[in-house]
Each structure stands twice: as structure tokens, then as C-alpha cells.
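**Q** Based on what follows, work out the 3D shape:
(one chain, ligands or ions: 1)
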Amino acid sequence: MSEPLVRLRGVEKHFGDLHVLRGIDLDVMRGEVVVLLGPSGSGKSTLCRTINALEGIDAGEIRIDGTPLPTTGAELARLRADVAMVFQSFNLFAHKTVLENVTLGPVRVRGLAPDDAADRALALLDRVGVRSQADKHPSQLSGGQQQRVAIARALAMDPKVILFDEPTSALDPEMVQEVLEVMLGLAQDGMTMLVVTHEMTFARRAAHRVVFMDEGRVVEEGSPADFFAHPATERARAFLSGRPRSPSTRAQR
Ligand SMILES: Nc1ncnc2c1ncn2[C@@H]1O[C@H](COP(=O)(O)OP(=O)(O)OP(=O)(O)O)[C@@H](O)[C@H]1O
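**A** Predicted structure coming up:
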């Protein structure tokens with residue numbers, strides 16, 4: 001069997017007294033779409049952020065394509081190009097145009113010639129359906145359009161994997177679908193993706209594997225068909241039925 005593209009072993013993370021990641025083992029294979037589910041506060045965002053070194057870890061190991069995460073500036077920039085991230089809040093540069101937002105990284109980090117980067121960016125903006133907005137600034141776009149630009153920006157880096165951290169949570173309901181359709185297209189094209197989302201329909205349609213986290217641990221994982229039809233644990237059943245967490249479990253932290 002081939003080596004996983006993303007490999008976490010025994011990953012631990014604390015924020016002060018809060019033990020947020022408790023011995024996480026996780027593999028994401030090349031071309032695999034993994035959807036990370038779990039209650040609020042279970043550590044999903046933090047887990048994503050450790051994979052491209054936005055958060056350091058206290059113990060364990062993370063490897064991308066067999067290589068441990070780097071620690072120095074230039075290598076970190078390359079890591080974040082290889083392991084692109086799409087955030088809930090888009091994080092576009094407000095003072096730059098849409099086109100500049102998408103060309104900046106490839107020129108600075110990948111060393112592309114500006115003209116080549118612009119050609120590539122326009123093609124990607126076309127792919128996500130916002131090419132006509134290329135000369136506008138982010139504030140002139142809807143939230144759904146801004147998130148599609150953020151996806152084009154991630155793709156422009158020619159990443160090995162894209163991490164999506166609740167990419168539709170900040171959007172008005174009518175814009176959620178347009179972003180999910182773009183993500184579904186990427187999944188169908190074979191992009192390796194780790195997606196934190198509460199969009200169960202997306203998980204059912206796009207995921208090869210669902211990983212359910214609770215209180216900093218991977219509690220169960222499986223195909224969407226199995227997980228949604230037959231969750232193996234009481235915690236997953238409670239999560240899927242929308243039952244609130246019990247107060248006693250919060251006190252264990
Ligand atoms: N930078 C930080 N400093 C301190 N505590 C943090 C920090 N980031 C996250 N936390 C805490 O770590 C815990 C896990 O947070 P995280 O955002 O990873 O969970 P999550 O599963 O993504 O939740 P949600 O679905 O609500 O986004 C939470 O209790 C959160 O308050």
C-alpha cells in the first residue's frame with residue numbers, strides 16, 4: 001500500500017490546561033476526501049491547523065508525503081503552499097484585487113513569472129466561476145464569491161492537499177451550495193482534501209471516509225454510508241441526532 005500523503009501519529013496539543021488533541025492518529029491517502037465531523041470544541045479546527053503548522057504540537061509526529069513538518073520560514077511557506085488551507089472567513093487581502101490575491105502566492109512562493117501566474121489564476125477563477133470579478137476587490141464580492149476566490153487561491157499553489165476549515169459556515173444559506181458544488185468538483189477531479197464541515201449532504205456525496213472526533217480523539221471512522229447508517233458509538237449517535245453534549249463530559253477537561 002502506498003504511503004499516506006498526510007500522516008499523523010500520536011499528536012497531542014494543549015492550550016494551557018485545555019487538552020485539545022489527545023493522541024490523534026490519522027492518515028489521508030493521495031486522492032482521498034476525508035470529512036472530519038464532531039461536536040463544537042472537539043478539536044477539528046485545531047487538528048487542521050496543526051497539519052500546516054499554523055499551530056505547533058506538543059507531542060507526536062506529522063508527516064506530509066513522508067517528510068516531517070518543517071520549522072524554518074522559507075520551508076514553512078512551501079509547506080503552506082503544498083498544504084493549502086481554505087478558512088471559514090476567506091482571509092483574502094482586502095487591498096488587493098481578486099486576481100492579485102490569486103497570483104501573489106505562486107509568484108512569491110512557487111517562483112512563477114507574473115504573466116504565467118496571471119494566466120493560471122484567470123483559468124482557475126474561470127473554473128470556480130468568478131473570472132468576471134478578477135479586477136474587483138474582495139469587498140465588492142458576495143461571501144460565496146469570496147470563498148470561491150479563496151479556493152482558486154489555494155489551487156493556484158498547486159497544492160498536494162487542501163484543508164477546508166468550515167468553508168461554508170460564514171456564508172448566507174443561498175451561497176452555501178455554490179461553494180459546495182466547487183468543492184464537489186474538486187473531489188471528483190481527484191484532489192486530496194481534508195474537510196471540516198457540518199454539511200452532512202456534502203459528506204455523504206463527496207467523502208471517501210468520515211472521521212468522527214470527540215473531545216480531542218478520533219472516536220470512529222468509516223465510509224459515509226456506514227457511518228451515517230450505523231454509527232458505532234453513542235457519541236456519534238448523539239452527534240448525528242443533534243442531542244447536546246452531557247455537561248459531565250465537559251468537566252473532564
Ligand atoms: N488559540 C487558542 N487558544 C486557546 N484555546 C483554543 C485556541 N484555539 C482553540 N481553542 C480551544 O480548543 C478547543 C477546540 O477548539 P477547535 O476550534 O479546534 O474545535 P472545533 O471542533 O473545530 O470546534 P467548532 O466546530 O466549534 O469550530 C475549544 O475548547 C477551543 O475553545
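**Q** V195 bridge partners, please.
**A** The bridge-partner assignment for V195, based on DSSP bridges, gives V35, F164.
**Q** my read: R217 touches I24, true?
**A** Yes: applying C-beta atoms under 8 Å, one finds R217 in contact with I24, separated by 7.3 Å. In this view, the C-beta of every residue, glycine as well, is placed from N, C-alpha and C.
**Q** and those two? which has more neighbours close in?
**A** More neighbours surround I24 than the other of R217 and I24, with 24 against 17 (other C-beta atoms under 10 Å).
**Q** Show me the helices in the stretch 1-150 of the chain, by range?
**A** All helices of the stretch 1-150 of the chain, identified by DSSP state H, counting those that start in this stretch, fall at 44-51, 73-82, 98-108, 114-127, 143-156.
**Q** Need those in CSV (columns: mean pLDDT and mean neighbour count).
**A** Conversion of the helices of the stretch 1-150 of the chain to CSV gives the following (pLDDT from 0 to 100; neighbours: other C-beta atoms under 10 Å):
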stretch, mean pLDDT, mean neighbour count
helix 44-51, 96, 23
helix 73-82, 88, 15
helix 98-108, 96, 21
helix 114-127, 97, 17
helix 143-156, 97, 25
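**Q** Any chance of JSON lines for these, columns distance to P173?
**A** As requested, the helices of the stretch 1-150 of the chain are arranged in JSON lines below (distance: least, C-beta to C-beta, whole Å):
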{"stretch": "helix 44-51", "distance to P173": "22"}
{"stretch": "helix 73-82", "distance to P173": "31"}
{"stretch": "helix 98-108", "distance to P173": "24"}
{"stretch": "helix 114-127", "distance to P173": "24"}
{"stretch": "helix 143-156", "distance to P173": "10"}
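**Q** Out of those, which is closest to the ligand?
**A** In this view, the helices of the stretch 1-150 of the chain are compared for proximity to the ligand by C-beta to the nearest ligand atom, and helix 44-51 is the closest at 3.2 Å.
**Q** Give me the phi and psi for L5.
**A** Summarising the backbone geometry of L5 under the convention degrees, to the nearest 10, its torsions are phi -70, psi -40.
**Q** my guess is it contacts I62, does it?
**A** No: look at L5 against I62 with C-beta under 8 Å: they stay out of range, at 11.7 Å.
**Q** what's the nearest residue to Q88 once chain neighbours are set aside in contact with, if anything?
**A** When the adjacent residues along the chain are set aside, Q88 lies closest to E166, with 4.5 Å between them (C-beta to C-beta, 6 or more residues apart in numbering). Under the criterion of C-beta atoms under 8 Å, 6 or more residues apart in numbering, the contact partners of E166 comprise S45, Q88, V196, T197, H198.
**Q** Report the secondary structure element holding V210.
**A** Secondary structure assigned from DSSP states H and E places V210 in strand 209-214.
**Q** Is any residue of that strand near the ligand?
**A** No: contact check for strand 209-214 against the ligand, using C-beta under 6 Å from any ligand atom: none in range, with a minimum separation of 6.7 Å.
**Q** and the following helix or strand past that strand, what's its mean pLDDT?
**A** Next in sequence after strand 209-214, counting helices and strands by DSSP H and E, comes strand 217-222. Rounded to a whole number, the mean pLDDT of strand 217-222 is 96.
**Q** what residues does strand 217-222 touch?
**A** Around strand 217-222, the neighbours that count as contacts under C-beta under 8 Å, 6+ apart are 22-26, 38, 209-213, 227, 231-233, 235-236.
**Q** Please apply the same query to stretch 13-29.
**A** Under the criterion C-beta under 8 Å, 6+ apart, residues 2, 4-12, 34, 43, 46-47, 50, 55, 57-58, 60, 161, 192, 194, 211, 215-218, 253 lie in contact with stretch 13-29.
**Q** ChimeraX command for the buried members of these?
**A** Selecting only the buried members of those in ChimeraX, with burial defined as 16 or more other C-beta atoms under 10 Å, works like this:
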select :4,5,6,7,8,11,12,34,43,46,47,50,55,57,60,161,192,194,211,215,216,217,218
